[in-house]
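In: predicted model follows, preceded by the sequence.
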Amino acid sequence: MKKTILTLLSITLITLGGLVQAKPITLKFSHVVAENTPKGQMAIKFKQLVDERLKDKVTVEVFPNSQLFGDNKVLEALLLGDVQLAAPSLSKFKKYTKKLQLFDLPFLFNDMTAAEKFQQSPQGHALLKTVENKGLTGLGYLHNGMKQISASKPLHTPEDAKGLKFRIMSSDVLAKQFEALDATPLKKPFSEVFTLLQTKAIDGQENTWSNIRSKKFYEVQPYITASNHGLLDYMVVSSAEFWNGLPDDIRSELKKALDEAIAFGNQIAAEKAMNDKQAIIDSKRTTVIELSPEERQQWVDAMKPVWKDFEGIIGKDMLDAAIKANQP
Ligand code: LMR
């Protein structure tokens, strides 16, 4: 009798154990852009890989287009456990670290090859760790691309931007960059940009070709200056509590899937930088302005002085390493 009760008890425990184990971990990934962007595609790829490899163990739910959280709220949501993964632009970490302001410095990287080279350097990896003491875990960089400036009037030289209102991401470097042009920067969430442009509450904004296309900014901005003046990349991030609390095998499978999804997103970013620019030109809804070398130099001369305001906070060693990444 005793034996039967013990057997029944162990069967129940095994079954319960099975049930407990069978409950998948849910990983909500919240972002603000459309699905047909580098970040949107990366998130979908990550979900596909996890579905294939960690079926029944992890469920990924992707929420694009600021459906769940806007960019100013998502990092708080991560820390509260309301979402488990996000990839805000490097310009949106001000409350968590000042070091990432490096990436906003105008005309820092000549191209995406230099940005990639720096991000994969020891200094680039060290910057991922600067969010750790705020309870976040930086899991990798993801590219979007170089920013362009769209406006209600043609911008050939910095003088042309004088007096205009530009939406910026929540970054003090970007604020200084537009102030250096005698323009007015306004920190606003990505989800509000189209309406602000459409209603003419602002005159312009800066963004990548893929964001300008996917959010239709080019339909409400008659001019886009192909300035390539700054970088818009992301940090893929989780909360340390969630990430470190995962079973080791699941965490390493998730990291592997993430690295593959990031590589895929980066490939899309490179393709979209060219294709989306061309599609915008072909739409004939806006005029894309190409700068002459002399005009471009004027933008460099106007914007680059803001570096000196941030050198101290960022650190000269970091800045030097980033500049060095431009060398072939
Ligand atoms: C923006 O706010 O303009 C961008 O950070 C949006 C994004 O995530 O690409």
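Out: All right, it came through fine.

In: please name the residues that touch Phe93.
Out: Contact analysis of Phe93 by Cβ atoms under 8 Å, 6 or more residues apart in numbering lists 75, 100, 131, 235. For glycine as for every other residue, the C-beta is placed from the backbone atoms N, C-alpha and C.

In: state the distance from the first one to the ligand.
Out: Yep, that's Leu75 we're talking about. Distance of Leu75 to the ligand, given as Cβ to the nearest ligand atom, to the nearest Å: 13 Å.

In: ok, then the element right after the helix or strand where that residue lies?
Out: Leu75 is part of helix 74-80, with elements assigned from DSSP states H and E. Sequence-wise, the next helix or strand downstream of helix 74-80 (DSSP H and E) is strand 85-86.

In: quick one: is that following strand near the ligand?
Out: No: if you take Cβ under 6 Å from any ligand atom as the test, strand 85-86 misses the ligand, and the best it gets is 9.8 Å.

In: can you name the residues in contact with the very next helix or strand once past that strand?
Out: Going down the chain from strand 85-86, the next helix or strand is helix 112-119, by DSSP H and E. Outside helix 112-119, the residues within contact range by Cβ under 8 Å, 6+ apart are 109, 124, 141, 143, 145-146, 231, 233, 266, 269-270, 273, 321-322, 325-326.

In: and the contacts of the helix or strand following helix 112-119?
Out: Heading C-terminal from helix 112-119, the first helix or strand you meet, by DSSP H and E, is helix 122-128. Residues from elsewhere that reach helix 122-128 (Cβ under 8 Å, 6+ apart): 99-100, 102, 118, 138-141, 235, 317-318, 321-322.

In: and the two most separated of those?
Out: Within these, two members stand farthest from each other by Cβ to Cβ: Leu139 and Asp317, at 23.9 Å.

In: who's more crowded, these two?
Out: Higher neighbour count among Leu139 and Asp317: Leu139, with 19 against 10, using other Cβ atoms under 10 Å.

In: hmm, back to that, please check the contacts of helix 122-128 and keep the buried ones.
Out: 99-100, 102, 118, 138-141, 235, 318, 321-322 (16 or more other Cβ atoms under 10 Å).

In: can you tell me which of those residues is nearest Glu61?
Out: Nearest to Glu61 among the buried ones among the contacts of helix 122-128 is Leu139, at 17.7 Å by Cβ to Cβ.

In: mind telling me what element that closest one is part of?
Out: Counting by DSSP H and E, the element that carries Leu139 is strand 136-151.

In: next, the buried residues of that strand.
Out: Along strand 136-151, these residues count as buried under the neighbour rule (16+ other Cβ under 10 Å): 136-151.

In: what of stretch 56-71?
Out: Under the neighbour-count criterion of 16+ other Cβ under 10 Å, stretch 56-71 has 57-60, 62-66, 68-69, 71 buried.

In: could you pull out the strands for the stretch 151-300 of the chain?
Out: Along the stretch 151-300 of the chain, the segments classed as strands by DSSP state E, counting those that start in this stretch run 165-168, 184-187, 204-207, 223-239, 287-290.

In: for His31, find the nearest of the ones you listed.
Out: Nearest to His31, of all those, is strand 223-239, at 8.6 Å by Cβ to Cβ.

In: in terms of secondary structure, what does that closest one contact?
Out: When contacts are defined as 3 or more Cβ pairs under 8 Å, 6 or more residues apart in numbering; DSSP states H and E, strand 223-239 sits against helix 74-80, strand 85-86, helix 112-119, strand 136-151, strand 204-207, helix 248-283, strand 287-290, helix 293-303.

In: how about the ones you listed in TSV, adding distance to Thr37?
Out: Formatted as TSV, those follow (distance: least, Cβ to Cβ, whole Å):
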stretch	distance to Thr37
helix 74-80	16
strand 85-86	15
helix 112-119	15
strand 136-151	7
strand 204-207	11
helix 248-283	7
strand 287-290	19
helix 293-303	26
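
In: what parts of the stretch 51-200 of the chain come near the ligand?
Out: Within the stretch 51-200 of the chain, the positions near the ligand by Cβ under 6 Å from any ligand atom are 71, 89, 144, 169, 190.

In: need the contact list for Val33.
Out: Contact analysis of Val33 by Cβ under 8 Å, 6+ apart lists 39-40, 64-65, 190, 210-211, 214-215.

In: can I get the residues you listed in TSV with pLDDT?
Out: Formatted as TSV, the contacts of Val33 follow (pLDDT from 0 to 100):
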residue	pLDDT
Lys39	98
Gly40	98
Pro64	98
Asn65	97
Phe190	97
Ser210	97
Asn211	98
Ser214	97
Lys215	97
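
In: and the two most separated of the buried residues of strand 136-151?
Out: Farthest pair in the buried residues of strand 136-151 (Cβ to Cβ) is Thr137 and Ala151. Separation: 38.1 Å.

In: give me the residue from the stretch 101-250 of the chain nearest the ligand.
Out: Closest residue of the stretch 101-250 of the chain to the ligand, Cβ to the nearest ligand atom: Phe190 (3.4 Å).
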